[in-house]
Structures are given as structure tokens and as C-alpha cells.
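Engineer: Please work out how this folds:
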Amino acid sequence: MAVDPHPVMSTPLLLAVGPTAGLPDLQLIVFAAGLVVLAGVIAMTEAALAAVSPARAAELARDGVRGARTLQVVAADVVRHLNLLLLLRLLAELTATTLVALVAVDSFGAGWRAALVTAGAMTVVSFVVVGVAPRTIGRQHAYAVGRAVAPLVRWLGRALNPLASLLILIGNAVTPGRGFREGPFASQVELRELVDLAEQRGVVEHGERQMIHSVFALGDTIAREVMVPRTEMVWIEEGKTLAQALVLFLRSGFSRIPVIGESVDDVLGVLYLKDLIRRSRGGDPDAEQLPVAELMRPATFVPESKPVDDLLSEMQAARNHLVIVVDEYGGTGGLVTIEDILEEIVGEITDEYDVERPPVERLADSSVRVTARLPVENLGEMFGADLPTDEVETVGGLLAQSLGRVPIPGAQAEVAGLRLVAEGTTGRRNRIDTVLVSRVESGDEQDSTGRGDNAGPGDDPDHYRDEERQAADA
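Structural biologist: From the prediction side, this is the model:
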């Protein structure tokens with residue numbers, strides 16, 4: 001019996017290679033396009049919510065802007081809502097990709113050409129329609145977009161929160177590591193970099209950037225770094241009278257002066273100029289003869305390792321403008337005022353009467369007015385004098401070394417045939433700004449201890465010296 005070499009195949013197998021059953025290709029393309037557009041809208045919403053500030057949303061809500069209150073609720077828990085939007089966007093994009101793949105297989109067959117067409121088409125469409133244009137619009141109009149979509153996002157957050165939370169838990173379970181800090185900045189360094197970037201783009205000025213960085217630096221700064229050292233402190237002894245204290249206040253230019261006992265390491269309190277004026281003008285004729293110890297306020301002591309940001313908070317809370325800094329041995333290291341801390345943020349605070357002087361100014365009487373920072377070598381060359389330069393570098397330092405204390409206006413000393421007279425002060429710390437230098441004429445005598453001819457009427461020499469005396473270096 002003859003056998004047919006070409007057996008007839010069954011009908012079901014032939015149907016498997018026929019045209020794709022189900023929806024026509026055009027409908028699949030339309031559905032895919034709709035899902036891509038939906039993914040773009042979700043991407044725009046993501047970008048808008050990520051750019052919304054909770055503080056700004058709260059401000060809009062207080063102003064009664066429509067939709068702002070719902071936006072405020074969404075912005076308060078923005079991370080959860082962004083995760084939900086991410087889930088929905090991925091679902092839309094992957095579904096659209098699947099539909100395009102079905103059309104490609106139907107048109108080109110199940111092979112590499114279908115895969116290539118699907119990957120290329122969806123990459124271009126997703127990049128333009130989902131990745132670029134919607135996100136740009138969302139960032140540019142963050143609050144308008146946010147107010148428009150906030151009600152829907154809030155409803156989706158309530159409806160799909162269990163599913164999103166479950167997927168996040170699964171993701172956290174399979175993800176190694178300890179996770180990350182929630183928020184836009186993981187460290188202070190990132191925030192500082194953002195401030196630098198804001199300056200480069202003109203959002204903040206250079207001075208504002210410096211102030212922001214200075215605020216961050218306060219936590220790393222200690223009291224020793226900002227204090228007025230003990231060698232520059234002006235103080236008064238507890239036995240001095242209020243009249244003597246008033247003269248010292250006027251000569252030094254300060255409004256608060258520490259009161260000491262046996263030495264500068266024995267600070268008993270702080271004398272306030274306003275307390276002195278109130279007491280001396282209160283009608284008591286003997287008030288000016290009272291000792292300063294009766295009017296001083298208690299002093300506040302802090303260690304020199306105290307962080308400046310904590311110190312500022314404590315001084316603000318206690319309404320205290322001056323604290324005494326104590327070193328590791330229990331001695332007085334210096335003092336800190338609120339102004340010293342503020343200068344760390346805003347820079348040097350100067351008086352409105354301060355003027356910029358030239359380094360050297362020759363006067364009509366052959367004397368010379370020089371800045372306190374003028375190098376000693378320059379002064380020696382100017383007068384042809386051999387001045388000591390081993391321990392000091394500036395004229396102000398030379399005068400302080402000769403006096404044995406920090407000079408205040410009017411203090412005088414003779415050095416190598418030159419008479420040095422401390423003049424005006426500048427800045428909040430009232431440091432000596434200029435020194436009047438002249439040659440000592442033959443026959444003139446000058447007490448090199450700093451007790452000069454500038455004492456006012458009625459000032460005895462001892463009184464003048466005690467007013468000028470300041471803490472020597474320990």
C-alpha cells in the first residue's frame with residue numbers, strides 16, 4: 001500500500017500562525033498612546049510636588065488660595081505620595097510598552113526586529129513625552145500644577161496606600177543597607193553646596209552666602225576663638241568709686257566693664273554704664289563716691305571650649321550681653337559679648353564715625369600720625385631710630401609693650417627717643433587706631449609707665465593710672 005509522503009496537519013496548529021486575535025493594531029496603538037500621555041501627566045505631577053515647599057504651601061493656604069489647603073496636606077507627606085505616583089507611572093509605561101510590543105510582533109513577527117522596533121519607539125517617546133517636557137512644565141509651574149492635581153493625588157493616596165506600602169516594604173526587605181535619610185539633603189555639606197550653587201546662579205548675593213556659611217560654622221566654633229583676650233580687657237577694681245568708673249567708661253568707650261578683686265583672675269562682677277548713670281543721677285549727692293562693688297551685677301562664667309551657637313542661645317535666653325571666659329586652669333581667659341558672636345556671622349561691626357586713615361600722616365608740628373598696624377621697621381626708618389623688633393611687629397604693639405598694658409586713648413610712652421601717644425579708637429572693641437609719634441626734645445621728661453600729660457583737670461596721677469590699667473598677660 002502506498003504511503004502519502006506529505007501528511008495533512010491538523011487544523012488547530014494552522015490557526016496558531018494566523019493573524020493576532022483580539023483588538024486591532026490601531027486600537028492597541030491608541031491605548032498605548034493614552035498610557036504614555038498618562039505617564040507624562042504623572043511625571044509632571046511628580047516634578048511639581050517635588051519642587052513644592054511645605055512652608056510656601058502653608059502660606060498660600062493662609063492666604064485662601066484655591067486648592068492650597070489640599071496641596072499643604074499632600075506636601076506634608078510628599079514622600080509617600082511621590083512613591084505612589086512612581087508606582088502608577090511605571091505601571092502606565094510598562095503597559096504601554098507591552099501593547100507596542102504586541103503590535104510589533106504582529107507586524108514583524110516574533111523576532112529581533114520586533115524587539116528593536118519596540119525598544120527604539122518607546123525609548124524616544126518615553127524620553128520626550130515622559131522624561132523631558134512634562135517634568136520641565138511641572139518644575140516651572142510647580143504650585144499651579146500642584147494645586148490642580150492635589151485633590152486627585154490625595155484621593156489616590158488614600159485608596160492605593162496599602163498597595164504602595166506593601167510594595168515599599170518588599171523593596172526595603174530585599175534592599176541591603178540601612179536606607180537613607182528622608183529629605184532633600186543627606187548632610188550639611190550638601191546644603192552648603194546648594195548655597196554655593198545659588199550664589200553662582202545669582203539667587204543669593206556673595207555676602208548672604210558668607211553669612212549662611214558663618215551660621216553653619218558657629219557649631220564648630222568655640223568661645224576661645226571669638227573672645228576678647230585678657231590682654232585686651234578693660235577692667236576696674238572693686239574699691240574704685242563710681243566717679244572713677246565713669247571716667248574709665250568715657251575714656252574706654254565701653255558700656256560694660258568687669259569688676260575684679262585681687263587680680264584679673266578674680267572677676268567679681270560686671271559694672272554697667274546705665275546702672276552707674278541711673279544711680280549717680282538719682283539725687284544722692286554721695287552716690288559718685290560709692291564703691292563700684294555695690295553697683296556691679298553678677299558675672300556669668302563659661303569655659304573656653306563652649307560652642308558659640310550654644311553660648312549665643314544661652315545669652316539670648318538670659319538676656320546677658322557679656323560673659324567671662326575661664327581657661328582650663330580656672331583663670332580668666334577673656335570675655336565674650338553678643339556682638340563678638342554676631343561679628344562671626346555678619347563681619348566686623350564698626351562705628352558710624354570711623355574713617356579710613358592713611359598709614360602715615362605728617363602734621364604741621366613735625367609730628368607724625370601713623371596707624372597702629374604700621375610695622376615698627378617702617379617707623380624706625382622714618383625717624384632714623386633703632387626700635388626693638390624682637391617681640392613686637394607693629395607700632396601699637398610697641399606702645400603696649402612699653403606701657404605694660406593695652407593702651408587706651410591718651411596713654412603715652414617713650415621709646416628710643418620717640419614719644420608715642422595713643423589716639424582714637426575704631427571698631428566695637430575700641431582698639432587703638434592711630435598713634436601720634438614725635439621726637440623727644442632735649443630737657444623733656446616723660447614717665448614711660450604711660451602716665452602722661454593728658455590727665456584732665458582734677459585727675460591725680462594715681463587716679464589716672466588706675467583708670468588706664470588693664471589686664472597684663474598671664
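Engineer: Can you point out the buried residues in stretch 26-43?
Structural biologist: Leu28, Ile29, Ala32, Leu35, Val36, Leu38, Ala39, Gly40, Val41, Ile42, Ala43 (16 or more other CB atoms under 10 Å). C-betas here are computed from N, CA, C, even on glycine.
Engineer: Could I get the contacting residues of the fifth one?
Structural biologist: When you say that, I think you mean Val36. If a contact means CB atoms under 8 Å, 6 or more residues apart in numbering, then Val36 has Ala92, Glu93, Ala96, Val125, Ser126, Val129, Val130 as its contacts.
Engineer: Apply 7 Å and report the result again.
Structural biologist: Ala96, Val125, Val129, Val130 (CB atoms under 7 Å, 6 or more residues apart in numbering).
Engineer: got it, and the second one?
Structural biologist: If a contact means CB under 7 Å, 6+ apart, then Ile29 has Val103 as its contacts.
Engineer: Now the one helix or strand it maps to: average pLDDT?
Structural biologist: Assigned by DSSP states H and E, Ile29 belongs to helix 25-51. If you average the pLDDT over helix 25-51, you get 86.
Engineer: Distance from the chain centre to that helix, please.
Structural biologist: 42 Å (CA atoms, centre = their mean, to the nearest Å).
Engineer: And stretch 131-151, by the same measure?
Structural biologist: 32 Å.
Engineer: Now do the end-to-end distance for it.
Structural biologist: By CA to CA, to the nearest Å, the extent of stretch 131-151 from end to end equals 24 Å.
Engineer: try stretch 362-375
Structural biologist: OK, stretch 362-375 end separation, CA to CA: 17 Å.
Engineer: who's in contact with it?
Structural biologist: Against stretch 362-375 from outside (CB under 7 Å, 6+ apart): 357, 359-361, 379, 382, 393-396, 432-438.
Engineer: now it: mean pLDDT?
Structural biologist: 80.
Engineer: so how far is it off the chain centroid?
Structural biologist: 40 Å.
Engineer: What are the buried residues along it?
Structural biologist: Val368, Arg369, Val370, Thr371, Ala372, Arg373, Leu374.
Engineer: hang on, the earlier thing: mind picking the two most distant members of the buried residues of stretch 26-43?
Structural biologist: Greatest spacing in the buried residues of stretch 26-43, by CB to CB: Leu28 and Ala43 (22.5 Å).
Engineer: Find me the pLDDT at the residue lying closest to His213 once chain neighbours are set aside, would you?
Structural biologist: Nearest non-adjacent residue to His213, counting by CB to CB, 6 or more residues apart in numbering: Arg192, 6.4 Å away. With respect to pLDDT, Arg192 scores 75.
Engineer: Leu84 and Leu156 touch, don't they?
Structural biologist: Yes. Leu84 is within contact range of Leu156, at 6.2 Å (criterion: CB atoms under 7 Å).
Engineer: Which of those two has more residues huddled nearby?
Structural biologist: When Leu84 and Leu156 are compared for neighbours, Leu84 comes out ahead with 23 against 17, by other CB atoms under 10 Å.
Engineer: Need the pLDDT of the more buried one.
Structural biologist: pLDDT, Leu84: 85.
Engineer: and if you look at Gly424?
Structural biologist: 67.
Engineer: now do the one 4 residues further on
Structural biologist: At Arg428 the predicted local confidence, pLDDT, stands at 51.
Engineer: Just give me the closest of the buried residues of stretch 26-43 to Thr300.
Structural biologist: Ala43 (57.4 Å).
Engineer: following whichever helix or strand Glu314 is part of, which helix or strand comes up?
Structural biologist: Glu314 belongs to helix 308-318 when assigned by DSSP H and E. Following helix 308-318 in sequence order, the next helix or strand is strand 322-326 (DSSP H and E).
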